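Trainee: Output the structure for:
(2 chains)
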Number of protein chains: 2
Amino acid sequence: MSDLLSIGVDVGGTRLKAGLVDQGGAVLATARRDTPGRSAPPAVLEEALLDLVGELRSVASATGRRAASVGVAVAGLVDAARGIVVFAPHLPWREEPLRERLAAGLDLPVVVDNDANAAAWAEHRFGAGRGETHLLLLTLGTGIGGAVLTEGRLQRGRHGLAGELGHVQVVPDGRPCPCGNRGCWEQYVSGTVLRRDGQELVRRGGADAAALSEACDGDPGRLSGDDLTRLAREGDPASRAVLGAAGRWLGTGLAGAVATLDPGTVVVGGGLSEAGDLLLDPARATLAQHLLGRGHRPVPPVVPAALGVGAGLVGAADLARSP
Amino acid sequence: MSDLLSIGVDVGGTRLKAGLVDQGGAVLATARRDTPGRSAPPAVLEEALLDLVGELRSVASATGRRAASVGVAVAGLVDAARGIVVFAPHLPWREEPLRERLAAGLDLPVVVDNDANAAAWAEHRFGAGRGETHLLLLTLGTGIGGAVLTEGRLQRGRHGLAGELGHVQVVPDGRPCPCGNRGCWEQYVSGTVLRRDGQELVRRGGADAAALSEACDGDPGRLSGDDLTRLAREGDPASRAVLGAAGRWLGTGLAGAVATLDPGTVVVGGGLSEAGDLLLDPARATLAQHLLGRGHRPVPPVVPAALGVGAGLVGAADLARSP
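Mentor: Residues are numbered from 1 along each chain as shown, chains lettered A, B, ... in the order given. A predicted model of the protein is given here:
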């Protein structure tokens, strides 16, 4: 059984997080580094990854066990079949043959995948989507990430781009998006939107914004999405209204994705999912209302992710175990 | 080789069409009946299907060959794994165990599937999506039907409901839809929309509607979507404008589906696809413009279906051959 330990690494724009993961999805040890600056050459980043993996291999050895595979989850566009990072906005990789590079340095089988795919796999195997063969995962953070699992298999699409849901248009000629289009879904529900809407309330300075203003000492630039979520949980009506509106947009976009994919369960992760039912209840209601054949068809449950920020490395480690 | 003939049946609301199909997708013989009225009991419809199949078996025998399987494509909601027609708006079947009923009467293996799935399978095997492992098929008729094929397999979703794209919302609080919601995609691009928009032009009676008015002798109720498509092909500017607007909405909705599924090819069938590039060119332009990462990612080609109205029965026959 000792052969079944696997090392997972989550490569984010600011942090590299690694974990030694057993076949039940438990993280036995962790290690982390800051991500080398975006201008650092790809080799420096790869060196840091090899270093992290080496550290966890030593931990395994010290307990008489062995890590037999390595999975890497990358915040970016990944061609998993070829093990190539095609494009990662916050990393120096462009068409980088990462699997080959790491496998050569490690003499272990290596798997590389998109971070949302890895998280979806982890939730499917060990988390909120356990036993679910048809899963849609959304991560609500700065933007919206997505991953699709059908018949127990991750669906990557023809070019590895499936599940890129954040830029589906929900409002024609709607809010402008940095992507260059207007009305993208993530301009209506994301951490960025919460912060912007909260800051706007502070700027207007109405009586309803008293709690929000207090949270940032009257300086809207200091208000975070987390502040707004916390206030909403404490009962602040203005913060709850902002979350409610975001939740309804979540449900609107979900209705389209559910009509297209027919998942059995929708799992919502990322920072924004901390808001729990204050976000998810309005999403569930809107989803049910928008689905064709409502009353005659099952509406998939919308549930919070269970594995938190470690989902990416746990999923990557498990994918490496049985690629 | 003679064992590899298969019989396909397309069960529509008005017509039952059957064909004897060889393993290359060629239709060697056909037979058809009117669909028994909606109020007829399920057994009458099943009797008609058995009759049609019997007719084509005789045709095969007469040439010394044998039909070894039967595939049925149904305009409705089908649980293909269990061979059950869950719901079909224009047919008497509700939770009908069709596969079991027919197999008992035929002593042949029977497969039952949704008509859009069957058409997508036919286009994948023999038509416009030949060799394409990741295919999105749309049928534009009264409404929008859809089917999704990934890694060479039809994706039916958790409850057999995947690909139901016609009721994805493209405009919040948009045009009302008989489904009870507003802003559904098929309220912006479908044969129904063409007819309605053309009729509206005739009713207004502007100079630009002269050709449309002439086509229906001034009676808007007599104008069909086909009339409008024909006039557009002949160069009528007003008809072309209606098709162009529908094409742009086609592209808008496609952008969402492509972001979600990442197909390698989009195949567009159904009556409206007769409009060809007058519809598809604006759709292609809008799709390319709306896709995230445009310029850095492949935009899937949007091509007309190749197999016409026979796609459903050809696909069903082939699915029955290798279920």
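Trainee: Would you map out the domains in chain A?
Mentor: Residue ranges for the structural domains of chain A, counted by automatic domain parsing, are given in the record as A:2-127+A:309-321, A:135-305.
Trainee: how far does the last one sit from the chain's center?
Mentor: When you say that, I think you mean domain A:135-305. Average the C-alpha atoms of domain A:135-305, do the same for its chain, and the two points are 13 Å apart (C-alpha atoms, centre = their mean, to the nearest Å).
Trainee: same question, the first one
Mentor: Chain-centre distance of domain A:2-127+A:309-321: 15 Å, with C-alpha atoms, centre = their mean.
Trainee: which stretches of chain A form strands?
Mentor: Counting by DSSP state E, residue ranges of the strands within chain A are A:5-11, A:15-21, A:27-34, A:67-74, A:77-79, A:84-87, A:94-96, A:110-114, A:135-140, A:144-150, A:153-155, A:265-269, A:302-304.
Trainee: Output those in a markdown table, with distance to chain B, mean pLDDT and mean neighbour count appended to each entry.
Mentor: In short, each C-beta sits where N, CA and C put it, glycine included. Written out in a markdown table, the entries for the strands of chain A read as follows (distance: least, C-beta to the nearest C-beta, whole Å; pLDDT from 0 to 100; neighbours: other C-beta atoms under 10 Å in any protein chain shown):
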| stretch | distance to chain B | mean pLDDT | mean neighbour count |
| --- | --- | --- | --- |
| strand A:5-11 | 20 | 97 | 29 |
| strand A:15-21 | 25 | 96 | 23 |
| strand A:27-34 | 27 | 96 | 15 |
| strand A:67-74 | 16 | 96 | 26 |
| strand A:77-79 | 8 | 87 | 23 |
| strand A:84-87 | 7 | 88 | 20 |
| strand A:94-96 | 10 | 89 | 15 |
| strand A:110-114 | 12 | 96 | 28 |
| strand A:135-140 | 9 | 96 | 30 |
| strand A:144-150 | 6 | 95 | 26 |
| strand A:153-155 | 6 | 94 | 20 |
| strand A:265-269 | 8 | 97 | 26 |
| strand A:302-304 | 14 | 97 | 20 |
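Trainee: out of those, which comes closest to A:Arg284?
Mentor: Distances from A:Arg284 to each of those were compared using C-beta to C-beta; the shortest belongs to strand A:302-304, at 5.1 Å.
Trainee: Partner strands of that closest one and their direction?
Mentor: strand A:265-269 (parallel) (DSSP bridges).
Trainee: Which positions in the longest helix seen in chain A come out as buried?
Mentor: Among the elements of chain A assigned as helix by DSSP state H, the one spanning the most residues is helix A:237-261. By neighbour count on 16 or more other C-beta atoms under 10 Å in any protein chain shown, the buried set for helix A:237-261 is A:238-240, A:242-261.
Trainee: and it with helix B:237-261, angle?
Mentor: Here helix A:237-261 points in a direction 100 degrees away from that of helix B:237-261 (axes from the mean of the first three to the mean of the last three C-alpha atoms, to 10 degrees).
Trainee: what angle do helix A:237-261 and strand B:135-140 make?
Mentor: Between helix A:237-261 and strand B:135-140, the angle comes out at 90 degrees (the same axes, to 10 degrees).
Trainee: which residues sit in contact with the closest residue to A:Val86 other than its chain neighbours?
Mentor: Closest residue to A:Val86 in three dimensions, ignoring its sequence neighbours and counting by C-beta to C-beta, 6 or more residues apart in numbering or on different chains: A:Leu77, at 4.4 Å. Taking C-beta atoms under 8 Å, 6 or more residues apart in numbering or on different chains as the criterion, A:Leu77 is in contact with A:85-88, A:114, A:160-161, B:293.
Trainee: and if you look at A:Glu274?
Mentor: Contacts for A:Glu274 (C-beta under 8 Å, 6+ apart) come out as A:226, A:229.
Trainee: and it, how far is that from A:Ala116?
Mentor: Counting by C-beta to C-beta, to the nearest Å, the separation of A:Glu274 from A:Ala116 is 18 Å.
Trainee: With A:Arg158 instead?
Mentor: Counting by C-beta to C-beta, the gap from A:Arg158 to A:Ala116 is 17 Å.
Trainee: swap in A:Gly198?
Mentor: Applying C-beta to C-beta to A:Gly198 and A:Ala116 gives a distance of 26 Å.
Trainee: got JSON lines for the contacts of A:Leu77, with distance to A:Arg182 too?
Mentor: Conversion of those to JSON lines gives the following (distance: C-beta to C-beta, whole Å):
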{"residue": "A:Val85", "distance to A:Arg182": "29"}
{"residue": "A:Val86", "distance to A:Arg182": "26"}
{"residue": "A:Phe87", "distance to A:Arg182": "23"}
{"residue": "A:Ala88", "distance to A:Arg182": "25"}
{"residue": "A:Asn114", "distance to A:Arg182": "26"}
{"residue": "A:Gly160", "distance to A:Arg182": "26"}
{"residue": "A:Leu161", "distance to A:Arg182": "21"}
{"residue": "B:Gly293", "distance to A:Arg182": "16"}
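Trainee: For the closest residue to chain B within the stretch 101-250 of chain A, grab the count of nearby residues.
Mentor: Scanning the stretch 101-250 of chain A for the residue nearest chain B gives A:Gly157, at 2.4 Å (criterion: C-beta to the nearest C-beta). Residue crowding around A:Gly157 was assessed by other C-beta atoms under 10 Å in any protein chain shown; the count is 21.
Trainee: tell me the centre residue of chain A?
Mentor: Closest to where the C-alpha atoms of chain A average out (C-alpha atoms, centre = their mean) is A:Thr139, at 3.7 Å.
Trainee: who's in contact with A:Pro176?
Mentor: A:Pro176 makes contact with A:182, A:187 under the criterion C-beta under 8 Å, 6+ apart.
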